[in-house]
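Undergrad: Sequence first, then the predicted structure, then my questions.
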Protein chains: 4
Amino acid sequence: MQGRRLINGFKLTRVGVTGVKKQITVRRKGAHGCLNCVIDVYVDLPSSQRGSHLSRNLEVISDAVESSVSHPVGGLEILCRDVCKELLERHDYATYAEVSIVADYFLDRTGPSGKISKESFKLMAQAYGRRGNGLRKMIGAQAIGMTACPCAMETVRGMVNGNVTVEGSMPTISHNQRNISTLMVEVPEEFDVEANDLIEILEDSFSSPTFEILKRTDEARVVINAHNNPKFVEDVVRDILSQALDKYKDLPDEVVITARSESEESIHKHNAFAERITTLGELRDRSASEGTENDRESGCS
Amino acid sequence: MQGRRLINGFKLTRVGVTGVKKQITVRRKGAHGCLNCVIDVYVDLPSSQRGSHLSRNLEVISDAVESSVSHPVGGLEILCRDVCKELLERHDYATYAEVSIVADYFLDRTGPSGKISKESFKLMAQAYGRRGNGLRKMIGAQAIGMTACPCAMETVRGMVNGNVTVEGSMPTISHNQRNISTLMVEVPEEFDVEANDLIEILEDSFSSPTFEILKRTDEARVVINAHNNPKFVEDVVRDILSQALDKYKDLPDEVVITARSESEESIHKHNAFAERITTLGELRDRSASEGTENDRESGCS
Amino acid sequence: MQGRRLINGFKLTRVGVTGVKKQITVRRKGAHGCLNCVIDVYVDLPSSQRGSHLSRNLEVISDAVESSVSHPVGGLEILCRDVCKELLERHDYATYAEVSIVADYFLDRTGPSGKISKESFKLMAQAYGRRGNGLRKMIGAQAIGMTACPCAMETVRGMVNGNVTVEGSMPTISHNQRNISTLMVEVPEEFDVEANDLIEILEDSFSSPTFEILKRTDEARVVINAHNNPKFVEDVVRDILSQALDKYKDLPDEVVITARSESEESIHKHNAFAERITTLGELRDRSASEGTENDRESGCS
Amino acid sequence: MQGRRLINGFKLTRVGVTGVKKQITVRRKGAHGCLNCVIDVYVDLPSSQRGSHLSRNLEVISDAVESSVSHPVGGLEILCRDVCKELLERHDYATYAEVSIVADYFLDRTGPSGKISKESFKLMAQAYGRRGNGLRKMIGAQAIGMTACPCAMETVRGMVNGNVTVEGSMPTISHNQRNISTLMVEVPEEFDVEANDLIEILEDSFSSPTFEILKRTDEARVVINAHNNPKFVEDVVRDILSQALDKYKDLPDEVVITARSESEESIHKHNAFAERITTLGELRDRSASEGTENDRESGCS
């Protein structure tokens, strides 16, 4: 029925299944674990065929999951690529395949006073490509942290007895809030990108990382650190990009990179958002690419 | 088919439809508008009958909506009660009916510098009751605001150069965050409760209300106000209750009241939550009901 | 700061933290695994105290999680109870504690043609109680299945050439849809309730369970089975209750049981919903409790 | 502060605010109403500037909303374009602007027996563009309907007494389910696209549209219609495209069009998905663009 010939049909860009929940066993640098994943897979469909054989998608996923039990995958992005390959194998009418995975992830983090707690994150992975042209694969992570606003801080300082503040003592108040940031990096064949490194970059880019357990003085230190390090969402994204440039010196110019930061503003009911989608090559070329004549001294907002 | 007789069946507590989207026209104190609502309705089902006649629920809702166009309802809680009555009318096998509505709501609010902006809220309404026993109806509201933590503020003050702070000048830094609070009050027949008053109570209970548009100095004022008024979620709930006691002096003791506050903690990935579900009578009796011997001086957290 | 004495305060019903994500290691009947959990915990707060020590909640959760690595818990409901006990221990001002957990869960299921696939479910667990009065604990499960409507089937049969249908051959068409059902059962001390049994009861109560991978004839068999077994949400709930009565003959009368079924109706934009919250004792007494005079022959809807 | 000059900074692709809730007054072909909208707006940011002036975004939105009260907008896509223009005006450092809106929407629909009911939909609108290059604007709609699977129907017919079915009588059973489909069409200047037409196209592309109120025989007719018109998600997307080609004969070739369909499969826990993103020109050229040698007779799934 799906294979039925169509006259005068339309080709379709993506046909597949979404929201498939599976557990995938991963082993990486000695660490070994089981990730709870939500998986979407797609292939394209030529104009001459009525339907895509959707159950083949589930077979491919299921085989990959089963096989991961005895032979843990080296990373979610590798699984995505392998599933893509297999999709093109089993859907011989398809010229394109795409797979994306989102997974819950947990890591030990050390709080300000040295106490270790288990924090939760998300991993994201993706692979896609056209038959014969090679597949591209990406690994990403999402972390929750904290931002304190530099603009409100400056305005408050100007308004309230600014001269009382002694250099190096109490930071000025500002609004701060929960921030959700994402970094996704393409992983070319023969290269490797650690999801744990992405999470470190994200946490280093917030005003402060956040922690489940904070006793009195730990809590105060997180607050002080955040206020000594006030950041716009724009700053968070630039700091992610800057660290990624540093960390991934060896990756080639054509590697695609996405950095995104969203602050659930405490003083507003809406969110603040910043994003850059680019390649490492464009980032490396930044000094050349744009003039600096754009200097301005505009008002806060 | 639904009316088929069952031998040895089980009665069911609630049978109905959920997620019905409708626009309801409301007129109240001169204000007139159309609310986008999501509606759930239920009746019970005796053990002797196979199914409830679900399409009657939709007819009742649809009739109420249609009729509101020419005769706007006086409030969502009144609509809930009227729909409950009609449900018991049309489901003659039912002994219980329940209706709840959540609606988007917009109100003009005046920012710190006097600028007016349109802010978004949620209204909630509910009615339920047993045939012959009368129906109870409730009106509620949900608002988004801001809390600043008093505990972190105190600890920071003790740690950082506390003595520099001059009385009346710069408040001490703390973590602050988006807070979502709810107040729901029963409305006995012959009484009236304004949703707009509930929203005012909620906004007065935050460390500060929040606004869509804040220019530089407005933003600073919101931040300063919040830090001059630090609150736990527990404080927010108590302040809601306290204002409600004041505002609803005329309502009888048996009136049920729910107050709830949830802070999307900026220093944690989880939320802080506080709630009180009680009656006005119990609240009025508070001085009598519990001793104060519970005095303690415990650590922050 | 939280321990500060309040004069003329209000007690709070529930104060705590919500949305804490943790991995918990469970071992049960030989099976051993790691569950990704979202945890909410609460205690009450006396009127004389300003705040609850929220970080203690996280310490209790974290200790329980850590300890589960070396000593896997026997079930999520047992973990809930143990966390409740510890909460009352560490919040000495509290008289009430409550813990609830939702977890992703995976089980092998055998499809119509004998093929095994991994299907996803949810587990739910809860414990709560007042100091000195003992704690109650519950285990629950949520499953996704399929319902086919018996009413539309009958009406269609009457309308379309009803006499062509040969007894025992092709079932009549109807609308069918995704259904989400839940069963939660209290587990008294000295008793045991298996989450896997709850899932079996749920899957046996649908018109048909559903599967990730269905080849051509499997798919047809699921469709045929569902149409040979048409069910309202009301039928699903009653069949859950009936099986639970059978399965839990040994559990005492006071055991609380919740059964719920929601169909994402294919012919409507809203859902159909049915629920019973009761005790095993009330269910056992059903023949005595209600007359059967309610026999009627009403229209479909 | 935002205007501060950066040396060696990175430009950002999109910086803005998300989740702004507003009511917008629209008048179109005599119809007049107030739409509850969620709005996201972005501009880009040069590498030389620290931050974007986010409050200007809210001012632009607020001005547009205010002005719509006295001068209702002609369509959400027009509002998006006007807001984009104004964003480029007020953020003089920006070279790119983007606005998107999602709104709840209600329309009268006539059920199978002629009864009129109010059904709920979503509208989507978007505009974006680079300074000096003109802006592109799109209007879209999302509708919920029903699909019945042609493949399961055929397999069942082969398995169960296939020869009993008399031509023109009872359709064969299959699985059917809730389907959510979307159509979005670019609207060039000097042209007009009606959101109501998009909804009609969507509803004509399902196996059957769905309705809030269906009495016994209406319900049966919807079920029969759907089974007489079985569709894969692929069929739904192609039928949307085909109708759009017909309807928008006058629109130029470069107009971008997106069609998407997702079925919440009743026999699976995951969804089936199909999508085409293309231009009217590519669609018109379909007979030329792909051979039909891809004829195959493959298995169901």
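TA: Cool, the structure landed.

Undergrad: use CA for all of it now, contacts and neighbours both
TA: Noted.

Undergrad: so what does the lengthiest helix in chain A touch, helix or strand wise?
TA: Once chain A is assigned using DSSP state H, the helix that runs over the most residues is helix A:54-70. Secondary-structure packing of helix A:54-70 (3 or more CA pairs under 8 Å, 6 or more residues apart in numbering or on different chains; DSSP states H and E): strand A:12-28, helix A:76-90.

Undergrad: Which secondary structure state is assigned to A:Asp106?
TA: Rather than Asp, residue A:106 is Phe. strand (DSSP: H, G, I helix; E, B strand; the rest coil).

Undergrad: which SS class is the residue nearest to it when sequence neighbours are not counted?
TA: Leaving aside its sequence neighbours, A:Phe106 sits nearest to A:Ser120 (CA to CA, 6 or more residues apart in numbering or on different chains; 4.5 Å). State at A:Ser120, reduced to three classes by three-state DSSP: strand.

Undergrad: Quick one: residues contacting A:Ser120.
TA: Residues near A:Ser120 by CA atoms under 8 Å, 6 or more residues apart in numbering or on different chains: A:104-107, A:143, C:21-22.

Undergrad: isn't A:Arg178 right up against A:Ser263?
TA: Yes. When contacts are counted by CA atoms under 8 Å, A:Arg178 is listed as touching A:Ser263 (6.0 Å).

Undergrad: what comes up buried for stretch A:103-112?
TA: Buried residues in stretch A:103-112, defined by neighbour count with 16 or more other CA atoms under 10 Å in any protein chain shown: A:103-106, A:109, A:111-112.

Undergrad: What residues does the stretch 101-250 of chain A have near chain C?
TA: Contact residues, the stretch 101-250 of chain A versus chain C (CA under 8 Å from any CA of the partner chain): A:104, A:106, A:117-120, A:212-215.

Undergrad: And the residues you listed, which is closest to D:Ala31?
TA: Nearest to D:Ala31 among these, counting by CA to CA, is A:Asp104 at 47.1 Å.

Undergrad: So for that closest one, what's the nearest residue that isn't a sequence neighbour?
TA: A:Lys122 (4.8 Å).

Undergrad: I'd say that neighbour and A:Tyr105 touch.
TA: Yes. Counting by CA under 8 Å, A:Tyr105 is a contact partner of A:Lys122 at 5.3 Å.

Undergrad: returning to that earlier point: quick one, the longest helix of chain A and strand A:12-28 angle?
TA: Relative orientation of helix A:54-70 and strand A:12-28, computed by axes from the mean of the first three to the mean of the last three CA atoms, to 10 degrees: 10 degrees.

Undergrad: Now helix A:54-70: average pLDDT?
TA: When pLDDT is averaged along helix A:54-70, the result is 95.

Undergrad: One more: stretch A:217-232?
TA: Here stretch A:217-232 scores 96 as its mean pLDDT.

Undergrad: which residues does the residue of the stretch 151-300 of chain A found nearest chain C contact?
TA: Closest residue of the stretch 151-300 of chain A to chain C, CA to the nearest CA: A:Ile213 (5.8 Å). Shown in contact with A:Ile213 (CA under 8 Å, 6+ apart): A:117, B:268, C:55, C:58-59.

Undergrad: Stretch A:202-210 close to chain D?
TA: No. Using CA under 8 Å from any CA, stretch A:202-210 stays clear of chain D, with a minimum separation of 14.6 Å.

Undergrad: What number of residues are in the vicinity of the residue lying closest to A:Gly51 once chain neighbours are set aside?
TA: Spatial nearest neighbour of A:Gly51, excluding adjacent residues (CA to CA, 6+ apart): A:Gln2 at 3.9 Å. Neighbour count of A:Gln2, defined by other CA atoms under 10 Å in any protein chain shown: 20.

Undergrad: Could you check how far A:Gln2 is from chain C?
TA: According to CA to the nearest CA, to the nearest Å, A:Gln2 and chain C sit 11 Å apart.

Undergrad: Read off the pLDDT value for that residue.
TA: So, for A:Gln2, pLDDT stands at 80.

Undergrad: Phi first, then psi, for it.
TA: phi -60, psi -30 (degrees, to the nearest 10).

Undergrad: wouldn't it be in contact with A:Arg50 here?
TA: Yes. Assessed by CA under 8 Å, A:Gln2 is found in contact with A:Arg50 at 5.2 Å.

Undergrad: Residues that sit against both of those two, list them.
TA: Contacts common to A:Gln2 and A:Arg50, judged by CA under 8 Å, 6+ apart, are absent.

Undergrad: Do me a favour and get the end-to-end distance for stretch A:2-19?
TA: End-to-end distance of stretch A:2-19: 22 Å, with CA to CA, to the nearest Å as the criterion.

Undergrad: tell me which residues of it are tucked away?
TA: A:2-6, A:9-19.

Undergrad: Next: stretch A:204-223.
TA: Those buried within stretch A:204-223 under the rule 16+ other CA under 10 Å are A:204-223.

Undergrad: These in helices, which ones?
TA: Per DSSP H, these map to helices at A:204-205, A:216-223.

Undergrad: near chain B, from these?
TA: Contacts with chain B within these, counted by CA under 8 Å from any CA: A:216-217, A:219-223.

Undergrad: export stretch A:278-287 as PDB, just CAs?
TA: What follows is stretch A:278-287, C-alpha atoms only, in PDB (Å, rounded to 0.1, in the frame of the first residue of the first chain):
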ATOM      1  CA  THR A 278      27.500  29.400  12.600                       C
ATOM      2  CA  THR A 279      30.700  27.400  11.700                       C
ATOM      3  CA  LEU A 280      34.000  27.400  13.600                       C
ATOM      4  CA  GLY A 281      35.500  28.900  10.500                       C
ATOM      5  CA  GLU A 282      33.300  32.000  10.700                       C
ATOM      6  CA  LEU A 283      34.000  32.300  14.400                       C
ATOM      7  CA  ARG A 284      37.700  32.100  13.800                       C
ATOM      8  CA  ASP A 285      37.500  34.900  11.300                       C
ATOM      9  CA  ARG A 286      35.600  37.200  13.500                       C
ATOM     10  CA  SER A 287      38.300  39.900  13.800                       C
END
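
Undergrad: Tell me how far that stretch lies from the chain's centre.
TA: Taking CA atoms, centre = their mean, to the nearest Å, one finds the center of stretch A:278-287 at 19 Å from the center of the full chain.

Undergrad: what does it contact?
TA: By CA under 8 Å, 6+ apart, the list of residues contacting stretch A:278-287 reads A:241, A:245, A:251-258, D:8-10.

Undergrad: Now render those as JSON lines, adding pLDDT, distance to B:Glu234 and secondary structure.
TA: What follows is the contacts of stretch A:278-287, written out as JSON lines (pLDDT from 0 to 100; distance: CA to CA, whole Å; DSSP: H, G, I helix; E, B strand; the rest coil):
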{"residue": "A:Leu241", "pLDDT": "98", "distance to B:Glu234": "40", "secondary structure": "helix"}
{"residue": "A:Leu245", "pLDDT": "97", "distance to B:Glu234": "45", "secondary structure": "helix"}
{"residue": "A:Leu251", "pLDDT": "98", "distance to B:Glu234": "51", "secondary structure": "coil"}
{"residue": "A:Pro252", "pLDDT": "98", "distance to B:Glu234": "53", "secondary structure": "coil"}
{"residue": "A:Asp253", "pLDDT": "97", "distance to B:Glu234": "53", "secondary structure": "coil"}
{"residue": "A:Glu254", "pLDDT": "97", "distance to B:Glu234": "53", "secondary structure": "coil"}
{"residue": "A:Val255", "pLDDT": "98", "distance to B:Glu234": "49", "secondary structure": "coil"}
{"residue": "A:Val256", "pLDDT": "98", "distance to B:Glu234": "47", "secondary structure": "strand"}
{"residue": "A:Ile257", "pLDDT": "98", "distance to B:Glu234": "43", "secondary structure": "strand"}
{"residue": "A:Thr258", "pLDDT": "98", "distance to B:Glu234": "40", "secondary structure": "strand"}
{"residue": "D:Asn8", "pLDDT": "80", "distance to B:Glu234": "47", "secondary structure": "coil"}
{"residue": "D:Gly9", "pLDDT": "91", "distance to B:Glu234": "44", "secondary structure": "coil"}
{"residue": "D:Phe10", "pLDDT": "96", "distance to B:Glu234": "43", "secondary structure": "coil"}
